[in-house]
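**Student:** sequence below, structure please.
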Amino acid sequence: MTPIRTATNTILRPVKTGSGPTTLAVTPDGKTVYVVNTGSSTVTPIRTATNTALPSIKTGHKPLAIAVAPNGTTVYVVNELSSTVTPIRTATNKALRPIKVGSFPSRFAITP
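**Tutor:** Sure, this is the predicted structure:
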């Protein structure tokens with residue numbers, strides 16, 4: 001993932017994530033970006049203050065979409081080929097028990 005300093009449109013040092021980064025979500029406080037790595041079935045949290053990647057979090061097979069709860073406590077990852085949604089607790093960056101959903105999920109939304 002390549003961060004860009006928006007004030008100057010300057011490209012910063014790339015941050016290494018897992019294989020096949022596809023989508024991302026930012027916590028409401030702006031402190032963490034969660035990057036979905038479809039190729040490695042992981043999510044990589046990145047601290048925005050330092051552009052530092054934290055250890056990747058294992059998800060279900062072929063994660064595609066991601067959303068952060070409005071209160072910032074949980075990130076939800078849609079896993080297309082395992083037909084699950086993996087909740088991730090943002091305080092600990094630990095995956096919780098996957099939630100079984102319909103076949104081949106690809107999108108979702110979170111209501112406040």
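
**Student:** got the CA coordinates for stretch 49-66 in CSV?
**Tutor:** Written as CSV, here are the backbone C-alpha positions of stretch 49-66 (Å, rounded to 0.1, in the frame of the first residue of the first chain):
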residue,chain,number,x,y,z
ALA,A,49,0.8,8.1,12.4
THR,A,50,3.9,6.0,11.5
ASN,A,51,2.8,4.2,8.3
THR,A,52,3.8,1.0,10.1
ALA,A,53,2.1,-2.4,9.3
LEU,A,54,1.1,-4.5,12.3
PRO,A,55,0.9,-8.3,12.1
SER,A,56,-1.6,-9.5,9.5
ILE,A,57,-4.9,-11.1,10.7
LYS,A,58,-6.1,-14.3,9.2
THR,A,59,-9.6,-14.2,7.7
GLY,A,60,-11.8,-16.6,5.7
HIS,A,61,-11.0,-17.6,2.2
LYS,A,62,-10.8,-14.8,-0.4
PRO,A,63,-11.7,-11.7,1.6
LEU,A,64,-13.2,-9.0,-0.7
ALA,A,65,-14.9,-6.3,1.2
ILE,A,66,-14.4,-4.5,4.6
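
**Student:** how about that stretch: buried residues?
**Tutor:** Neighbour-count burial for stretch 49-66, with 16 or more other Cβ atoms under 10 Å as criterion, is recorded at 51, 53, 56-57, 59-60, 62-66. C-beta coordinates here come from the backbone N, C-alpha and C atoms, glycine included.

**Student:** next, the closest residue to residue 74 other than its chain neighbours: secondary structure please.
**Tutor:** Spatial nearest neighbour of residue 74, chain neighbours left out: residue 87 (5.2 Å); criterion: Cβ to Cβ, 6 or more residues apart in numbering. Put simply, residue 87 is strand when judged by DSSP: H, G, I helix; E, B strand; the rest coil.

**Student:** now render the buried residues of stretch 49-66 as JSON lines, adding pLDDT and secondary structure.
**Tutor:** As requested, the buried residues of stretch 49-66 are exported to JSON lines (pLDDT from 0 to 100; DSSP: H, G, I helix; E, B strand; the rest coil):
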{"residue": "51", "pLDDT": "93", "secondary structure": "coil"}
{"residue": "53", "pLDDT": "97", "secondary structure": "strand"}
{"residue": "56", "pLDDT": "97", "secondary structure": "coil"}
{"residue": "57", "pLDDT": "98", "secondary structure": "strand"}
{"residue": "59", "pLDDT": "96", "secondary structure": "coil"}
{"residue": "60", "pLDDT": "93", "secondary structure": "coil"}
{"residue": "62", "pLDDT": "93", "secondary structure": "coil"}
{"residue": "63", "pLDDT": "94", "secondary structure": "strand"}
{"residue": "64", "pLDDT": "91", "secondary structure": "strand"}
{"residue": "65", "pLDDT": "92", "secondary structure": "strand"}
{"residue": "66", "pLDDT": "94", "secondary structure": "strand"}
